[in-house]
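Visitor: return a 3D structure for these sequence lines:
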Amino acid sequence: MNCELLATCSALGYLEGDTYHKESDCLESVKDLIRYLRHEDDTRDVRQQLGAGQIVQNDLLPIITQHRQDKALFDACIRLMVNLTQPAMLCFGKVPDDPVFRFHFLQVTSHLQAYKEAFASETVFGILSETLYDLLQLDWEQRQEEDNLLIERILLLVRNVLHIPANPNEEKKVDDDASVHDRVLWALHMSGFDDLVKFLASAQSEQQWSMHVLEIISLMFRDQTPEALVSAGHARSAEEKQRDSQELESLRQKEHAEKRSRTLQRGTRHSRFGGSYVIQGLKAIGDKDVIYHRNLQNFKNYTHDMGKAVRCVPKRNRKAQECKDKRRSALNVRLFLREFCVDFLDNCYNRLMYLVKENLIREQSQQHDETYYLWTLSFFMAFNRGNGFRADLVSETMTIRAFHFIERNITNYYEMLLTDRKEATSWSRRMHLALKAYQELLLTVNEMDRSQDETIRQSSSVIKSNVFYLMEYREIFLTLLRKYDETRQPHSYLKDLVESTHLFLRMLERFCKGRKNLMVQRKNVKRKKSQGKKQQSAAETSPEALEETWKTVEEELKALSESLTESIVPFDATSETPLEEQRTEAMVRVQDALLARLGPEALGLLRAARSVWPEGDVFGSADVEPEEELELLKQILHANLPKEDEDGAELEEEELESVQVSETEFNFLDFIKRFANPSIVRPYLLLLKSYSKNTPHTNHCIARMLHRLAVDLKMDALLFQLSVFHLFNKILSDPAAAAYKELVTFAKYVLNRFFSLTAQNNKAYVELLFWKNVGAVREMTEGYSKDGCVLSFKPTWTEEEEEELRKLYEEHRDSEVPDIVETLLPLLSNSNRNRRQVVTQLVRMGLVDNAKELKKKGTRIVLWTEEQEEELQMLFEEYRDSDDVLGNILKKLTAKRSRARVVDKLLSMGLVSERRELYKKRSRSAQGKSSGKGMVELLLMYFVLVHLNYKIHQECGNDVHASSMSGPLLWLQNCLNKTAIDRENDGLSQPVPLFPVTEASEDAMENKSFLRLLRKLGMRAPADEQECFWRIPAKISASQLRSTAAALSPREDEPGEEQNGSMSPAREPQQVEDEEDSTEQRAQALRALLLARTRKRHTSEDTGMCGKNHLSFSCIHFRSQEKTSTKRSRSRVLDDDEEENGIVLLLLF
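Guide: All right, here's what the predicted structure looks like:
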């Protein structure tokens, strides 16, 4: 032991006889040990050293039993023992694979088992019970926070002790003998702690401890079965005696048969020579018969595998291991547990299960706590059935909500079983637990049908009608049987699944017999390809339709225009889109509202937009009259505004699923036909292989299902398979075959049917080699189409190609590729094969059950792992400023998913607030394309530049230049010009940070006026706490950056103004005159633009539709500016060859 740990343990005290003498600094030593445990390494060295020193047995337990009056020391010791007794699985996270860590894991487990043996004392549990009782006596308002912590720690300590696994190799106990766990339970019972647990489960004021109580109860009954507790203290029933006698009789017959066979094998005279024999009909490696060199007595056991080395089965192909077997505890323990179950059902079950269910639904519990709920439900409902069934004792869990909760958990566990392969064993056990709970619900409903009370029978009928009506509950067993995997799910799971299916079908059959027409729910999943938003038809935008729409809207607006309030927000303040672009979107929204005949909404949006963008009277002047507003709305309605097909850009060619719910008449025989599938028959035959170990009820369930298929559906050919006949031969030749009369009768029936068929079909023996679906069964019994050749033009597969496909599929079946078919296609020697041919051949060869299993996994993945979420977040941060954010993410994403899945995940993670942020942005500088949207953007860009040049020097110029901002403005201008040059040379657009290099620039980045200027220029502020600098967005083109930089140049009259020092009163008229000049300049620019567009329309009619579209739009935006007189103007014609349509802009300054 470490010297510091040894000194700390020695400072606790010492044990002299039965008396423990504590040291003066005992409390500080306990706290030091807690501190050491907090800083232990991955091998849990401190925990191991304290366990080897037996500190719990020699120090901590004597302290709490003899020095209980020292409250501080008692609390510290309880806290330390809770830490020391926590499960080894929590300490290491999982069972380590590394041999070194596995050794440390086993060491910690052995120390925990020694702790558990020390806790098997009535004195220890007596102290814990008395302390807990005193704390529970306090009223809620009298309890301190320390009292609640101590209650919780005592419950956690008891839970940890009960959770410690047993060591059967050390205990070597048999049934009816007291194990360490039994002795702990008995000490718990003698101290009265079990009564306190029942009080906590039933008291209304102690409901916060419900999850702890449920864990303690489930761990108390860990090794018990409901049947063993029900029969405790009672004489064996006649049914049990008969069952035991039948079992003994079958064993006796088997023993006599084996003895008789050994007698026949033994010759009359002993031979010392084995001899050599030729086995006719059995070929050796060559063409000759096998030569047998052993005694003839063992000839029946001869196989070609004799003498060969046994091949090691790969780990991924090994069968799932079974859980440990249950054992029967001592009689006195079973009797007290039986009394506990009776009291718990009478007083606690319904209330506790309600509280736990609410915590699980509201996610107020820890991960996987629902497993305790599922176990408690199945155990106590089974005990209630065996101990004089009373429906009122389990009424809380006999609801449709319970069925839905369990069905949802089964589905979730199965999905996690497929995705989380490392923890597949744990998910399989949880799934088995949920299946047991579902089975117990069905058994309880079946028991309610037999009740003498009419009310209970009616309640059972209501529950069954709801369960049988919903499609999810009817087909859950079909799905579980089809998806059974023996490498992940144990044999006991298959046994419970088969028995549950048998019970469900029997209840459903009885339910259908008493009803002529049973209506059930049916869901059809249809897939369709979304082409995005459909364009408006020509009829909707025709002049006649628009006039009719305007008449309707005008009548509605005349009555509401006076009283309408402006409550609509026309822009998104959180969006990165500049306000100038949002202004265009607001105009389009007004027109959409008018087309939808939503007059009040359109008028409210117009007024709200006017208050946000009052510059230039784009949405009308502030003192506009109602008649002018109506005229403006009419012009907006008739204008052909540009609209982006955003939905089409995002959801084009995307597969969507639509679920249609309908009702249909239920036919029980049609439902049974769905079980006629090789993927469902195989699990039954797999369970039938262990017929000698199965219970009679399990064998009956198997035989009944096979009887339904072979006799009721007349599909006995489904069982014409060589492995099935080999199993039937084993059953018929079993010495104890008399104990399996039902199986023997069924096997003889199937064999007789087969040999009758061979007289008609000479290919029946060949068909034994293959599993057959319904179509193959029909051909085998009714005849093949034209001598067994399928009349089809599909390309045939040679034997070499089939063998190649089989090998490739076996190699890549367990790989993590999203689409195995796409992986196999390039590897095939015949490159002419397509996906459909490969899928059809895989199904025909029996390598897969149906084509649905070969669908692309990317579009079906629902759950996201933590690594996938981190990858998605990193990709979003990388491409958030690109033109096609979603497209780039889908290309780089490792786990392929559909657009809809990725969009939903981005929304749920809070990375985007709405879907439109992920729409693909259209490039404004794309050559060879022409759209009305580009014209509007050019027009608005010109307006922004002219207006910005005026605003910088009129509004912000006083603040900026007066504060010595010429240096920062020059720095900003240089950044814009440099970024424009880089984007022209590289052809790439990425966000560029504005990094201040001088103190003046750093001071300017803290100036509100300068930041307001950056925002008006379209610069992007830091998005989150990870960004520190403003950025030049990627969507601003190089030409726009140059124009913005030119707008930052100082005007000619600025030096004079700076020399004057401050603005004199005589400047106010000049400022008004400048504002008028700016208005005149915008009007002249618009008229020049309209003239250029008109000329272009006459010269190029084929490509001149955009000019006509935007003529009315431009008139709408600036019709109020046409009345302004021109006082001074200078014109400059800019001919830009890089424009999309060779547009000529007249920019007036």
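Visitor: and stretch 589-608, what's buried?
Guide: Buried residues in stretch 589-608, counting neighbours by 16 or more other Cβ atoms under 10 Å, are found at 589-591, 593-595, 599-608. Bear in mind the C-beta positions are built from the backbone N, C-alpha and C, glycine included.
Visitor: tell me which element S1009 is part of?
Guide: helix 1008-1016 (DSSP states H and E).
Visitor: list the buried residues in that helix.
Guide: 1009-1010, 1013-1014, 1016.
Visitor: tell me which element the nearest residue to F511 once chain neighbours are set aside is part of?
Guide: Nearest residue to F511 in three dimensions, chain neighbours excluded: K464, at 5.6 Å (Cβ to Cβ, 6 or more residues apart in numbering). K464 is part of helix 454-469 when elements are defined by DSSP H and E.
Visitor: now K523
Guide: Per DSSP H and E: strand 519-530 holds K523.
Visitor: give me the contact list for the helix or strand just after that strand.
Guide: Helices and strands here follow DSSP H and E; after strand 519-530, the next one along the chain is helix 543-560. Taking contacts as Cβ atoms under 8 Å, 6 or more residues apart in numbering, the residues outside helix 543-560 that touch it are 539, 594-595, 597, 599-600, 602-603, 630, 633-634, 637-638.
Visitor: counting only helices, which of the residues you listed make the cut?
Guide: Mapping these onto helices (DSSP state H) picks out 594-595, 599-600, 602-603, 630, 633-634, 637-638.
Visitor: buried residues in stretch 667-678?
Guide: Neighbour-count burial for stretch 667-678 [16+ other Cβ under 10 Å]: 671-673, 675-678.
Visitor: returning to what we had before: next secondary structure after the helix holding S1009?
Guide: Immediately after helix 1008-1016, counting by DSSP H and E, sits strand 1031-1032.
Visitor: could you say what helices and strands that following strand packs with?
Guide: Under the contact criterion of 3 or more Cβ pairs under 8 Å, 6 or more residues apart in numbering; DSSP states H and E, strand 1031-1032 touches helix 966-986, strand 992-993.
Visitor: just name the closest of the contacts of helix 543-560 to S913, please.
Guide: Nearest to S913 out of the contacts of helix 543-560 is A602 (Cβ to Cβ; 24.8 Å).
Visitor: what about the helices in the stretch 651-800 of the chain?
Guide: 668-673, 678-688, 696-707, 722-732, 741-758, 764-767, 774-782, 799-812 (DSSP state H, counting those that start in this stretch).
Visitor: buried sites along the third one?
Guide: Spelled out, that is helix 696-707. For helix 696-707, using 16+ other Cβ under 10 Å, the buried residues are 698-699, 701-707.
Visitor: same deal with the last one?
Guide: Residues of helix 799-812 classed as buried: 801, 804-805, 808-809 (neighbour count, 16+ other Cβ under 10 Å).
Visitor: the fifth one now?
Guide: In terms of neighbour count (16+ other Cβ under 10 Å), helix 741-758 has its buried residues at 743-744, 746-747, 750-751, 753-754, 757.
Visitor: please report how far K173 lies from E227.
Guide: Per Cβ to Cβ, to the nearest Å, K173 is found 20 Å from E227.
Visitor: please apply the same query to S29.
Guide: From S29 to E227 the distance is 50 Å (Cβ to Cβ).
Visitor: which of the two has more neighbours?
Guide: Between S29 and E227, counted using other Cβ atoms under 10 Å, S29 has the larger neighbour count: 19 against 14.
Visitor: look up how far V30 lies from the residue nearest to the more buried one when sequence neighbours are not counted.
Guide: Leaving aside its sequence neighbours, S29 sits nearest to A11 (Cβ to Cβ, 6+ apart; 4.3 Å). A11 sits 10 Å away from V30, going by Cβ to Cβ.
Visitor: of those two, which one has the most company?
Guide: V30 (24 against 17).
Visitor: buried residues in the helix or strand that contains that one?
Guide: Per DSSP H and E: V30 is located in helix 26-38. Of the residues in helix 26-38, 26-27, 29-33, 36-37 count as buried by neighbour count, 16+ other Cβ under 10 Å.
Visitor: go on, stretch 395-402?
Guide: Applying 16+ other Cβ under 10 Å to stretch 395-402 flags 396-398, 402 as buried.
Visitor: give me the mean pLDDT for it.
Guide: Across stretch 395-402, pLDDT averages out at 91.
Visitor: how about stretch 424-437?
Guide: Model confidence over stretch 424-437, given as mean pLDDT, is 92.
Visitor: now could you export just the CA positions of that stretch as PDB?
Guide: Extracted C-alpha coordinates of stretch 424-437, given in PDB (Å, rounded to 0.1, in the frame of the first residue of the first chain):
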ATOM      1  CA  ALA A 424     -24.900  -4.900 -29.100                       C
ATOM      2  CA  THR A 425     -25.000  -7.400 -26.200                       C
ATOM      3  CA  SER A 426     -26.300  -4.800 -23.800                       C
ATOM      4  CA  TRP A 427     -29.000  -3.600 -26.300                       C
ATOM      5  CA  SER A 428     -30.000  -7.200 -26.900                       C
ATOM      6  CA  ARG A 429     -30.600  -7.700 -23.200                       C
ATOM      7  CA  ARG A 430     -32.600  -4.600 -22.900                       C
ATOM      8  CA  MET A 431     -34.600  -5.700 -25.900                       C
ATOM      9  CA  HIS A 432     -35.300  -9.100 -24.300                       C
ATOM     10  CA  LEU A 433     -36.400  -7.300 -21.100                       C
ATOM     11  CA  ALA A 434     -38.900  -5.200 -23.100                       C
ATOM     12  CA  LEU A 435     -40.200  -8.300 -24.900                       C
ATOM     13  CA  LYS A 436     -40.800 -10.000 -21.600                       C
ATOM     14  CA  ALA A 437     -42.800  -7.000 -20.400                       C
END
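Visitor: so how far is that stretch off the chain centroid?
Guide: Its chain's average C-alpha position is 17 Å from that of stretch 424-437, according to Cα atoms, centre = their mean, to the nearest Å.
Visitor: then stretch 980-994?
Guide: Distance, centroid of stretch 980-994 to centroid of chain: 40 Å (Cα atoms, centre = their mean).
Visitor: how about residues contacting that stretch?
Guide: 881, 883, 972, 975, 979, 1005, 1014, 1019-1020, 1029-1039, 1041-1042, 1045.
Visitor: that older thread, which of the buried residues of helix 799-812 lies closest to S966?
Guide: Nearest member of the buried residues of helix 799-812 to S966, counting by Cβ to Cβ, is L808, at 72.3 Å.
Visitor: looking at it, D42 is touching V100, isn't it?
Guide: No: under the criterion of Cβ atoms under 8 Å, D42 is not in contact with V100, lying 10.2 Å apart.
Visitor: so among the buried residues of stretch 589-608, where is pLDDT lowest?
Guide: Least confident by pLDDT among the buried residues of stretch 589-608: that is G599, with 75.
Visitor: buried residues in stretch 278-294?
Guide: Y292.
Visitor: and what of stretch 967-978?
Guide: Those would be 968-969, 971-973, 975-977, for stretch 967-978 by 16+ other Cβ under 10 Å.
Visitor: closest to Y372 out of those residues?
Guide: Nearest to Y372 among those, with distances taken as Cβ to Cβ, is C975, at 62.2 Å.
Visitor: now E206, nearest residue through space, not along the chain?
Guide: Nearest non-adjacent residue to E206, counting by Cβ to Cβ, 6+ apart: L200, 4.9 Å away.
Visitor: thanks a lot, see you next time.
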